[in-house]
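Enquirer: Build me a structure from this.
(one chain, ligands or ions: 1)
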Amino acid sequence: MTSDDLTQLTITDASRLLRLGSISSADLVTAHVERIERVDKHVKAYLRFTPELWEKQAEEADRRIRQGDAPPLAGIPIAVKDVLCVRGVETTAGSQILRGFKPPYTGTAVARLFEAGAVMLGVTNCDEFAMGSSTENSSYFPTRNPWDLQRVPGGSSGGSAAAVAAGEAMIALGTDTGGSIRQPAALCGVVGMKPTYGRVSRYGLIAFASSLDQIGPLARSVDDAAIVLSLMGGLDPLDATSSDRPRMEVLNNFGAGVKGMRLGVPREYYDVKGVEPGVKAAIDAALFILRQAGAEIVDVSLPHTDYGLAAYYIIAPAECSSNLARFDGVKYGLSEVDAPNITEEYQQTRRKGFGTEVRRRVMLGTYALSSGYYDAYYLKAQKVRTLIKRDFDEAFKKCDAIVSATSPTVAFPIGAKTQDPLSMYLCDVLTLGGNLAGLPGISVPCGTSDGLPVGLQVLGPQWGENVVLRVARAYEEASELKAVVADPSPLQGRG
Ligand code: GLN
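Expert: This next block holds a predicted model:
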């Protein structure tokens, strides 16, 4: 096996080879590091690398494999989005305000993967504080789509999606507040899953919008996403919103196929404004395949879809304005100490430390929460959120899962939407309903349009991760459209 072959494996394949002794965890790390050296100068998926961790963790994994007591992810190379705290590893949420911040602890989801034997390669790029849909809001540099280096990888977990797509990590962790795992997964041609709100502890996640944020995996197969999710979920005393539902239930029956299942196609998602014809064609083909595999396709309606975007862009900024108040130059990261007084110090630190989009959201959120406007905006948005949740409850009376495109468009050129925040916000029309309602959702590769990946989204009822995974896996199998590794090269731009 060549070194490049090792960067194309799934967890299932790699684990078998590791246990057979055909490869070692050290081999896997070396293969990935070589691949990163070759392609990351083009893709720029990573912000930093963690050799001190990968050396120790790979050695430990190899020792345990030799002893025959290897944990489930022993030796599996993972990448971690720059919003998840890892002890001693600089973690900055893609922002200048946290430059130099080294968390004194590791968040629960990452810690559970470490306990399961994962080997951390590095920290992936993302939009600042996870606000964005293209990774262009990173305060460091934009990440590029491995399928076309002139295009965005999606966002905000664009570095994680690009790393997995380009063979620079077997698995990556992302976070999804309005679509930030599923949308970049779709644009990069990989699998990305957002769990039910409360499935995975948010302890150690730098908060954006606490009632919407969830951590989830990006992977090259549905099985891999399922394995990782089953290992990082479950009750955590350090996050009061984490649920005590059994973490392994996500795997229940998930290989059972779609025969006899009812899959709902919401007409508001199917005919959404701005959907590209090539995306629609890919989704039609996917529906055909699912029908052939034995599913019944049913028409459902989510009547409040039109109000979702507006409600999300009140609630998410409101929560972020409150969460980001802690970045005042005193406790963490950047500090403007030359200021004449404490108020000036706060203001200068925040002006210098936050980028344009973050400041826009903080202002929107502060306004929406201010006395006199609270009822008109925030409260109203929360009411709309309840209506959206009810839409889904009604729809799930008629179907087992909902299917749609993940993103109305394929990857767009770098710079195409940066001057028009509204057009960027529209990237999430099909994903943010799942966040507002707290539901599990996945995006799986579903062919291409104009040579660029398209994603199929499957949404399930609350705690129905196993249903979502079951549909996604059946589709992956029937379509034979497994994620493949991209070979990024600077010559490959499509003009
Ligand atoms: N693109 C959306 C936003 O900018 C969603 C981001 C996310 O899910 N973190 O808010």
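
Enquirer: show me the residues around the one residue sitting closest to the centre of the chain that make contact.
Expert: Note on the chain: the residue nearest the mean C-alpha position is Ile181, at 2.0 Å, using Cα atoms, centre = their mean. Residues in contact with Ile181, defined by Cβ atoms under 8 Å, 6 or more residues apart in numbering, are 157, 160, 174-175, 192-194, 216-218, 443. Where C-beta positions appear, they are placed from N, C-alpha and C, glycine not excepted.

Enquirer: 7 Å instead, please
Expert: Listed by Cβ atoms under 7 Å, 6 or more residues apart in numbering, the contact set of Ile181 reads 157, 174-175, 192-194, 216, 218.

Enquirer: ok, it to Leu187 distance?
Expert: 12 Å (Cβ to Cβ, to the nearest Å).

Enquirer: How about the stretch 201-350 of the chain: which residue is closest to the ligand?
Expert: Residue of the stretch 201-350 of the chain nearest the ligand, by Cβ to the nearest ligand atom: Ala316 (5.2 Å).

Enquirer: number of nearby residues for that residue?
Expert: Ala316: 28 surrounding residues under other Cβ atoms under 10 Å.

Enquirer: Hmm, it is touching Ser210, no?
Expert: No - distance between Ala316 and Ser210: 10.1 Å, which falls outside the contact criterion (Cβ atoms under 7 Å).

Enquirer: now check stretch 435-454, is it near the ligand?
Expert: No - using Cβ under 6 Å from any ligand atom, stretch 435-454 stays clear of the ligand, coming no nearer than 7.0 Å.

Enquirer: just how off-centre is that stretch within its chain?
Expert: 11 Å (Cα atoms, centre = their mean, to the nearest Å).

Enquirer: Could you work out the end-to-end span of it for me?
Expert: 21 Å (Cα to Cα, to the nearest Å).

Enquirer: in that stretch, what counts as buried?
Expert: 435-449, 452-454 (16 or more other Cβ atoms under 10 Å).

Enquirer: Just the buried ones among the contacts of Ile181, please.
Expert: Neighbour counting by 16+ other Cβ under 10 Å classes 157, 174-175, 192-194, 216, 218 among the contacts of Ile181 as buried.

Enquirer: of all the residues you listed, which comes closest to the ligand?
Expert: Scanning the buried ones among the contacts of Ile181 for proximity to the ligand, where the rule is Cβ to the nearest ligand atom, the winner is Thr175, at 6.0 Å.

Enquirer: so who does Leu113 touch?
Expert: Leu113 neighbours (Cβ under 7 Å, 6+ apart): 73, 78, 228, 231-232.

Enquirer: Using the three-state scheme, assign the nearest residue to Ala293 once chain neighbours are set aside.
Expert: Leaving aside its sequence neighbours, Ala293 sits nearest to Ala478 (Cβ to Cβ, 6 or more residues apart in numbering; 4.4 Å). Three-state secondary structure (criterion: DSSP: H, G, I helix; E, B strand; the rest coil) places Ala478 in helix.

Enquirer: With the one 3 residues further on instead?
Expert: Secondary structure of Leu481, reduced to three states by three-state DSSP: coil.

Enquirer: wait, what's in contact with Lys259?
Expert: 293-294.

Enquirer: Secondary structure element holding it?
Expert: Assigned by DSSP states H and E, Lys259 falls within no helix or strand.

Enquirer: Please identify the residues of the protein in proximity to the ligand?
Expert: Counting by Cβ under 6 Å from any ligand atom, the chain sits next to the ligand at 130-133, 156, 176-180, 208, 316, 428.

Enquirer: What about the residues you listed, which are in helices?
Expert: Ala316 (DSSP state H).

Enquirer: nearest residue to Gly158 other than its sequence neighbours?
Expert: Excluding the flanking residues, the one nearest Gly158 by Cβ to Cβ, 6+ apart is Thr135, at 3.0 Å.

Enquirer: looking at this, that neighbour is in a strand?
Expert: No - looking at Thr135 with three-state DSSP, it is coil, so not inside a strand.

Enquirer: so how far is Tyr203 from it?
Expert: Distance of Thr135 to Tyr203, computed by Cβ to Cβ: 25 Å.

Enquirer: Comparing these two, which residue is more hemmed in?
Expert: Neighbours were tallied for Thr135 and for Tyr203 using other Cβ under 10 Å; the higher tally belongs to Thr135 (34 against 21).

Enquirer: how far away is the more buried one from the ligand?
Expert: 10 Å (Cβ to the nearest ligand atom, to the nearest Å).

Enquirer: Show me which helix or strand of this structure is least confident by mean pLDDT.
Expert: helix 3-6 (a mean of 86; mean pLDDT, DSSP states H and E).

Enquirer: And the next helix or strand after that helix, what's buried?
Expert: Using DSSP H and E, the next helix or strand after helix 3-6 towards the C-terminus is helix 11-20. Neighbour-count burial for helix 11-20, counted by 16+ other Cβ under 10 Å, picks out 11, 14-15, 17-18.

Enquirer: and what of stretch 370-379?
Expert: 377-378.

Enquirer: Just the mean pLDDT for that stretch, thanks.
Expert: Averaging pLDDT along stretch 370-379 gives 92.

Enquirer: Would you mind writing the CA trace of it as CSV?
Expert: Taking Å, rounded to 0.1, in the frame of the first residue of the first chain, the C-alpha atoms of stretch 370-379 are listed here in CSV:
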residue,chain,number,x,y,z
SER,A,370,-32.5,45.9,23.9
SER,A,371,-35.4,47.1,26.0
GLY,A,372,-38.2,48.2,23.7
TYR,A,373,-37.2,46.0,20.9
TYR,A,374,-36.9,42.7,22.7
ASP,A,375,-40.6,41.8,22.2
ALA,A,376,-40.7,43.0,18.6
TYR,A,377,-37.7,40.9,17.6
TYR,A,378,-36.3,38.3,20.0
LEU,A,379,-39.6,37.2,21.4
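
Enquirer: List the neighbours of that stretch that are in contact with it.
Expert: Contacts for stretch 370-379 (Cβ under 7 Å, 6+ apart): 314, 318, 367-369.

Enquirer: chain center to that stretch, what's the gap?
Expert: Computed by Cα atoms, centre = their mean, the chain-centroid distance of stretch 370-379 equals 31 Å.

Enquirer: Strands of this protein, start to end?
Expert: Applying DSSP state E to the chain gives strands spanning 46-49, 77-81, 119-124, 171-176, 191-194, 214-219, 262-266, 296-300, 401-405, 441-449, 452-459.

Enquirer: tell me what the longest one is packed against?
Expert: In this structure, strand 441-449 packs against helix 182-188, strand 191-194, helix 277-292, strand 452-459, helix 465-479, with contacts taken as 3 or more Cβ pairs under 7 Å, 6 or more residues apart in numbering; DSSP states H and E.

Enquirer: Tabulate the ones you listed (TSV), appending distance to Pro103.
Expert: What follows is these, written out as TSV (distance: least, Cβ to Cβ, whole Å):
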stretch	distance to Pro103
helix 182-188	24
strand 191-194	23
helix 277-292	39
strand 452-459	32
helix 465-479	28
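
Enquirer: Count the residues that sit near Glu296.
Expert: 15.

Enquirer: For it, which non-adjacent residue is closest in space?
Expert: Residue nearest to Glu296 in three dimensions, not counting chain neighbours: Arg262, with 4.9 Å by Cβ to Cβ, 6+ apart.

Enquirer: can you pull the pLDDT of Thr349?
Expert: 92.

Enquirer: any idea how far Thr386 is from the nearest residue to it once chain neighbours are set aside?
Expert: Using Cβ to Cβ, 6+ apart and skipping the chain neighbours, the partner closest in space to Thr349 is Gly329 (3.1 Å). Using Cβ to Cβ, one obtains 38 Å as the distance from Gly329 to Thr386.
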